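**Q** Mind folding the following:
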Amino acid sequence: MKQTLPEKITLKLNQNPEINLFTHHSLPLLIPVSEEFDYWRLCNFINIFYHFDYPTSFDYTDYQRYYTGVFDIATLEYDDLDSIDRTIYWKQQLCKEKYIYIWLNQKYLPGSFSYQKRDDMHPVLIYAYEGNKFFAKAFDVNNAIYALEFLTEDLEYAFSKTQAEYKENINDDDMIMLIRQKKFSISYIKNRHFVYSAFYWELSDYYYGHGSNKGWYRFFQENESYLGGHPEVYGFKISELLLQHLRTETELRCMDYRLVHMITENKSLIAERLSAIGDKYDLSQKLKDLAEKYKVLSGKYHSFRKLYMMLSLKETKMRTFYPIPRDLVNLNKLASSLSDLVAEEKILMEQILSAVEENYIMSAFSPAMQKLENYYLKDGYCYINIAGAAYPKILSCIRNKVPYRFLEGSDGSKIEYETTLLYDSVMSYPIKNNITWVRYPIRENETDKMPSFYGCKSSAFSGAAVSASSIHNPDTGSIPEAKNVLIYDDLSFWSPEISDRNPFLIFTLPREEVFQCCAIAEYCTFLDHEASICIKHFAIDVKAKNGRWREVVKLEKQEKRKTFSAKFRKVVGKEFRLRILDPQESFPSGHPLRISYFYLF
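**A** Residues are numbered from 1 along each chain as shown. From the prediction side, this is the model:
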């Protein structure tokens with residue numbers, strides 16, 4: 001039966017994209033995202049990269065992660081659409097609320113700046129149709145975003161010409177994308193401790209100069225010799241690279257106004273992120289003060305950019321401000337100005353990282369947490385002084401993803417890392433009361449990567465691991481043993497048998513604990529390949545003082561998610577039960593389920 005399509009469809013667009021530093025972000029950032037995903041925006045578009053030799057190779061390292069976090073994206077190749085009526089197909093996708101992001105040679109698109117003038121291979125974003133006309137947004141490298149409208153036959157002609165001319169020269173995995181807003185969010189991720197954690201790691205990569213470039217823009221095969229053969233520089237180190245160039249006059253491509261502009265705008269965006277997080281989440285006064293200082297610093301970078309433009313215009317006799325000045329006096333002026341800014345930012349960013357980390361720790365765990373500031377370095381060890389207080393736990397926030405190694409207590413005991421990894425970056429170590437200090441081995445030149453340590457003086461923080469290897473089976477009455485408290489993370493700690501009826505897992509804690517959040521990850525494996533999740537529903541119960549089980553929360557799997565999570569009212573308990581609510585027949589016969597981790601916190 002032939003589908004009847006509406007006469008017209010128009011999908012909503014944002015008025016202005018937030019990121020204007022790189023024009024190719026203009027189109028996807030026109031697609032609105034739910035307010036629930038605003039936390040994700042705050043944690044992205046911070047770290048940048050620069051490629052030594054590739055002419056337009058600088059961008060944000062993380063933008064693809066951001067887009068896949070807020071959009072459902074399906075990719076197509078040109079050949080996928082050869083045997084269908086493409087006009088009908090495009091309209092069907094718009095009716096499904098899918099935006100069409102497609103690379104086309106705009107030489108063949110009426111209304112484009114390049115129409116019938118020159119080859120111009122760039123994407124367009126189609127968001128509406130009416131009758132036989134499509135409506136889109138496009139960008140020009142010199143004219144930013146502009147509106148396009150073209151007939152169905154014009155789109156068909158441009159598609160066919162692009163396919164014929166570029167088929168052999170492009171890797172077209174991401175050349176056609178159908179983008180739809182995600183309709184759901186995970187409530188616990190909106191908690192401020194998640195924002196602190198994600199923001200911390202992005203800012204940390206920026207500061208230490210780490211990252212990767214896996215963006216949509218790397219597609220021309222002819223450029224592989226550039227992209228594969230030369231190093232890339234990330235984050236703060238790009239400012240240092242520019243300073244080195246100003247001092248030595250090293251010949252590098254793209255060392256011109258574009259790089260200065262990227263660095264300047266990036267500082268502004270970091271300042272905006274810090275301010276936005278401060279408005280939405282409860283930051284310490286220390287971090288708010290540092291955010292204000294960074295805002296002032298970003299203004300100084302704007303002054304540096306203005307100085308660059310003035311000196312460049314002077315040397316080119318007002319023709320352009322793009323090239324780096326050649327006059328030695330002008331170079332020294334720029335180098336001196338940038339040197340002061342780089343030194344100031346290095347100190348300030350270290351302080352900001354420490355403050356963000358501390359907000360994260362204090363927010364995610366216990367108000368009884370205290371940062372352990374008394375440490376010293378000697379003979380390849382970091383000595384952390386914990387005298388004068390009993391710390392049942394020490395948390396270390398691992399900077400720069402340093403591999404976990406052994407701690408050693410003053411009583412000679414070994415404190416091994418085989419405890420619990422909490423979130424992305426925090427490790428819990430049990431500490432005996434009689435220990436006055438611990439020592440942590442560090443390698444040479446590793447002091448800038450040293451983890452920060454925090455102590456917990458109360459039992460409010462629960463951090464040891466649970467051991468569980470089987471489930472409660474109503475037929476046999478078997479109950480797994482559990483030690484300490486209810487946090488577990490491993491490759492697999494619970495694989496219920498398919499034959500079990502109403503399977504559940506019971507945890508008994510040594511004392512009552514307070515919890516208000518939970519997270520579960522569950523996988524189904526089939527022939528060693530990760531498959532779709534089979535369990536759709538979990539429940540968590542707590543045993544009341546009268547001996548009866550009371551349901552705390554139900555968790556339902558969200559589409560395309562491998563995790564279950566929820567926040568609930570605080571509960572106090574000593575015994576907890578994790579139940580699978582799905583009927584036995586919904587499990588795949590003969591293939592075990594596997595739960596990867598279960599957190600209560």
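**Q** Distance of I386 relative to Y454?
**A** Relative to Y454, I386 is positioned 11 Å away (CB to CB, to the nearest Å). In short, each C-beta sits where N, CA and C put it, glycine included.
**Q** Extract the residue ranges of the stretch 451-600 of the chain that are flagged as low pLDDT.
**A** 457-511, 517, 519-535, 557-565, 583-600 (pLDDT under 70).
**Q** who touches K12 in this structure?
**A** If you count contacts by CB atoms under 8 Å, 6 or more residues apart in numbering, K12 has them with P32.
**Q** secondary structure element for it?
**A** Secondary structure here is read from DSSP states H and E; on that basis K12 sits in neither a helix nor a strand.
**Q** Domain-wise, how is this protein divided?
**A** In terms of domains, the chain is parsed into 8-36+57-181, 236-364, 369-456, 487-600 (source: automatic domain parsing).
**Q** Of the ones you listed, which shows the lowest average pLDDT?
**A** If those are sorted by mean pLDDT, domain 487-600 sits at the bottom with a mean of 63.
**Q** before we move on, the earlier item: intersection of neighbour lists for I386 and Y454?
**A** With contacts defined as CB under 8 Å, 6+ apart, the residues shared by I386 and Y454 are 372, 394.
**Q** counting contacts, what elements does the helix or strand that A343 is a member of pack onto?
**A** With elements taken from DSSP H and E, the one containing A343 is helix 328-364. Here helix 328-364 touches helix 192-208, helix 237-248, helix 285-315, strand 369-371, strand 393-397, strand 452-456, going by 3 or more CB pairs under 8 Å, 6 or more residues apart in numbering; DSSP states H and E.
**Q** Could you look over the ones you listed and pick the most buried one?
**A** Per-stretch averages of neighbours, counted by mean count of other CB atoms under 10 Å, single out strand 393-397 among the helices and strands packed on helix 328-364, with a mean of 24.
**Q** Report the contact partners of the spatially closest residue to Y99 that is not a sequence neighbour.
**A** Leaving aside its chain neighbours, Y99 sits nearest to I179 (4.6 Å; criterion: CB to CB, 6 or more residues apart in numbering). Each residue near I179 by CB under 8 Å, 6+ apart is listed here: 28, 31, 67, 71-73, 98-101.
**Q** helix/strand/coil for I179?
**A** In the three-state summary, I179 is assigned as strand, counting by DSSP: H, G, I helix; E, B strand; the rest coil.
**Q** what sits opposite it in the beta ladder?
**A** In this structure, I179 bridges to I73, Y99 when assessed by DSSP bridges.
**Q** That one and K96: what is the separation?
**A** Relative to K96, I179 is positioned 11 Å away (CB to CB).
**Q** got it, and H302?
**A** Distance check for H302 against K96: by CB to CB, it reads 44 Å.
**Q** can you confirm K117 is in a strand?
**A** No - per three-state DSSP, K117 lies outside any strand segment and is coil.
**Q** Next, the residue nearest to it when sequence neighbours are not counted: secondary structure please.
**A** Leaving aside its chain neighbours, K117 sits nearest to K107 (6.8 Å; criterion: CB to CB, 6+ apart). K107 carries the three-state label helix when classified by three-state DSSP.
**Q** Which residues are in contact with K107?
**A** So, once contact is read as CB under 8 Å, 6+ apart, K107 ends up touching 114-120.
**Q** now with 10 Å?
**A** Counting by CB atoms under 10 Å, 6 or more residues apart in numbering, K107 makes contact with 114-121, 158, 161-162, 165.
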